[in-house]
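In: Here is a sequence with its predicted model. Questions after.
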Amino acid sequence: MSVVTISRQFGAGGHTLAETLSQRLGYELVDRLLIEKIAEEAKVSVKWVEAIEREAGGLLMKLVNSMVSSSFIDRLLGDDRQDFSEERYIKFLKSVVTNLWQEGGKVVIVGRGAQFILPDSEDIVKVLLVADLPDRIKFLEEHYKMSTAKATELVRREDKRRAKTLGLFYDGNADDPNLYTLVFNTSSLKIEEVEELVVHLMEKIYENGAPAKSA
Amino acid sequence: MAVICISRQFGAGGRTLGVSLAKRLGYRFADHELMEKVSKELGISDEWFAVTEREGHGEDSLVSTGTVAKILGRIRGGDQDSSGMAAKVRESLCRLIPETAAQGQVVFVGRGSQFYCKDAKDLIRILLVAPVSWREDFLVQHHRLSADEARITIKDWDKNRAAFLKKITDRDPDDPSLYDLCLNTSHISMDRAESLICELVQMRSSN
C-alpha cells in the first residue's frame, strides 16, 4: 500500500538498501531492469495494438496484450533494441510509476526519477542516499570487487548520467533535501542503520492502520 | 552519550524538536546555557537577559546569533563595530560549543554547532528542512505570528543563517553530505522525526 522511493548518489549503497529493505518489508523491488522489461513489453504491445487496431479495432487488444510474453518479446526483438524516444520514455515511466502507487502496490522503487513523478503523500516515503566521493568509490570496490580505477571511472560516469536523467524531471539541484522525506549520509551511517530507520518509520506510518493517499 | 546537533531552515521546527528530544533522551538542551556563557564572556549578560526577556524568555526563545552580535555591537561602540562583534561571538561559540559537547548527552540547535562540534565523540548531525510556505505556517501556528510577520521573519532568518554560516564554512549549509540525517518536516510529523532520531541514538549507544 506504500511506496518507498530510493534515489542515490552512485555508490552510496542505494541498491543494497533497496534489496534488504524490500525483503524486510515484504515489498516488491522495482529497479531499472524491471522497468526496462516493462518498457520493452509496452513497446511491442503498442506496435501490435496499433497495427491490429487499424485492422480489427479494439476488441483484439486484450488478446494481444496477453500474448506479449517476455520470451515472445525476446524472440521478436533480439539484440535490436530500438529505443523509445526520450519524451516517450519519460511519459511511459510516469505512467508505470504512478500506476504502481495508485494500484496500491507495496513497492520499493530505486531511481527512475520516482521522487519527482510521485506526489507528496503520507503513504510515500522518499529517500535519498548521499556519501562522500571517496566512500562511494570504496563501497564499489568492496561490494562489487572492482579496482579503484574502475570504481572511480564508474562513479564519475554514473554521476553524470544521474544528473542528466534527473534533469529530465527537475531543473534544480536533485540533492536538495527539501525534495525528500529523509536523506541519509552513508559516509557516516551504516546501511544497516539506514535500513532500521526506514523500517522504523514504516512501522510508525502503519501504527494506526493504512495511511491515507493524499495529493 | 551522544552529542546531537540540529541545524535547520528557520521555521522547520528545529528548536521545538530539540527541546522535546532533549527531554525524551534525558539530555541537556544547551542553547540557553550556551548563550548565557557567551554573553557573560563578552560582558553583556544583563543586556542579553533583557533581550531574551523581550523576545520570550526560556528554552524556546527565538534569539539569533546575529541578534546577539547586534546587541553587542550597539553596546560596545555603535553600529560600525557590529561586524567585529559578530566575530567575537563566533570565537566564543567556537570554544564553548566543543567544551559543552565534551560532556556528552547534549542537544544543540543552530549556532554553527554542526561545524564547531565536528570532533565530538558520538556526534549526530541532523538537518531539518521544509518548504518556505510550510515554515511560514509553522511560525503562525507555533509562535503566534501573523502571516505577514512569518513571511518577513523567515526571509530575515534565512538571510541571517546563510550569512552566519558563510563565516564558518564555504559549503552550502543545506548540502546533505554535511549531515548524518536530513528530515523534511513537511513530509514527516515532528513526533516521527523525534522517534527516528531517538532510534538512531539508541542504535549508536548499543554498539
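Out: Everything's here; your move.
In: Mind jotting down where the helices sit in the chain?
Out: All of this refers to chain A. A:14-25, A:32-56, A:61-67, A:70-77, A:86-102, A:114-117, A:133-144, A:148-167, A:191-205 (DSSP state H).
In: let's do chain B instead
Out: Secondary structure of chain B (DSSP H): helices located at B:14-25, B:31-41, B:45-56, B:65-77, B:82-102, B:113-116, B:132-142, B:147-166, B:190-206.
In: will you turn these into TSV that also has distance to chain A and mean neighbour count?
Out: Every C-beta, even on glycine, is put in place using the N, C-alpha and C of the backbone. Converted to TSV, the helices of chain B look like this (distance: least, CB to the nearest CB, whole Å; neighbours: other CB atoms under 10 Å in any protein chain shown):
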stretch	distance to chain A	mean neighbour count
helix B:14-25	13	20
helix B:31-41	23	19
helix B:45-56	28	14
helix B:65-77	22	19
helix B:82-102	16	17
helix B:113-116	12	24
helix B:132-142	9	18
helix B:147-166	13	16
helix B:190-206	5	17
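In: mind listing what A:T20 touches?
Out: Residues counted as contacts of A:T20 (CB atoms under 8 Å, 6 or more residues apart in numbering or on different chains) are A:I191, A:E195.
In: now do 10 Å
Out: For A:T20, the residues meeting the contact criterion (CB atoms under 10 Å, 6 or more residues apart in numbering or on different chains) are A:G13, A:V108, A:I191, A:E192, A:V194, A:E195, A:V198, A:V199.
In: Nearest to A:T148 among those residues?
Out: Sorting those by how near they are to A:T148, with CB to CB, puts A:G13 at the top with 17.8 Å.
In: tell me the contacts of the closest one?
Out: The contact partners of A:G13, taken as CB under 10 Å, 6+ apart, are A:6, A:20, A:129, A:131, A:135-136, A:139-140, A:143, A:184, A:186, A:189-191, A:194-195.
In: Just the buried subset of the residues you listed, written out for ChimeraX, thanks.
Out: Typed into ChimeraX, the next command selects the buried ones out of the contacts of A:G13 (criterion: 16 or more other CB atoms under 10 Å in any protein chain shown):
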select /A:6,20,129,131,135,136,139,140,184,186,189,191,194,195
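In: Now stretch A:159-172: buried residues?
Out: Across stretch A:159-172, burial judged by 16+ other CB under 10 Å covers A:R162, A:T165, A:L166, A:F169.
In: CA atoms of that stretch as PDB?
Out: Output in PDB follows, covering the C-alpha atoms of stretch A:159-172 (Å, rounded to 0.1, in the frame of the first residue of the first chain):
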ATOM      1  CA  ASP A 159      27.100  10.900 -11.500                       C
ATOM      2  CA  LYS A 160      26.900  12.500 -14.900                       C
ATOM      3  CA  ARG A 161      24.200  10.100 -16.100                       C
ATOM      4  CA  ARG A 162      22.200  10.600 -13.000                       C
ATOM      5  CA  ALA A 163      22.300  14.400 -13.300                       C
ATOM      6  CA  LYS A 164      21.200  14.100 -16.900                       C
ATOM      7  CA  THR A 165      18.400  11.700 -16.200                       C
ATOM      8  CA  LEU A 166      17.100  13.700 -13.300                       C
ATOM      9  CA  GLY A 167      17.400  16.900 -15.300                       C
ATOM     10  CA  LEU A 168      14.600  15.500 -17.500                       C
ATOM     11  CA  PHE A 169      12.300  15.700 -14.400                       C
ATOM     12  CA  TYR A 170      13.500  18.600 -12.400                       C
ATOM     13  CA  ASP A 171      15.500  21.700 -13.200                       C
ATOM     14  CA  GLY A 172      17.000  22.400  -9.800                       C
END
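In: what's in contact with it?
Out: Looking at stretch A:159-172 with CB under 10 Å, 6+ apart, the contacting residues turn out to be A:7-11, A:86-87, A:89-90, A:93-94, A:111-117, A:133, A:136, A:173-176, A:178-179.
In: Which ones, among those residues, also lie beside chain B?
Out: Subset of the contacts of stretch A:159-172 in contact with chain B: A:Q9, A:L133, A:N173, A:D175, A:D176, A:N178, A:L179, counting by CB under 10 Å from any CB of the partner chain.
In: By neighbours, which of the residues you listed wins?
Out: For those, neighbours were counted by other CB atoms under 10 Å in any protein chain shown; the highest total belongs to A:Q9, with 24 neighbours.
In: give the contact list for the nearest residue to that one once chain neighbours are set aside.
Out: Residue nearest to A:Q9 in three dimensions, not counting chain neighbours: A:V130, with 5.2 Å by CB to CB, 6 or more residues apart in numbering or on different chains. By CB under 10 Å, 6+ apart, the residues touching A:V130 are A:7-9, A:12, A:14, A:136, A:175, A:177, A:183-187, B:175-179, B:182.
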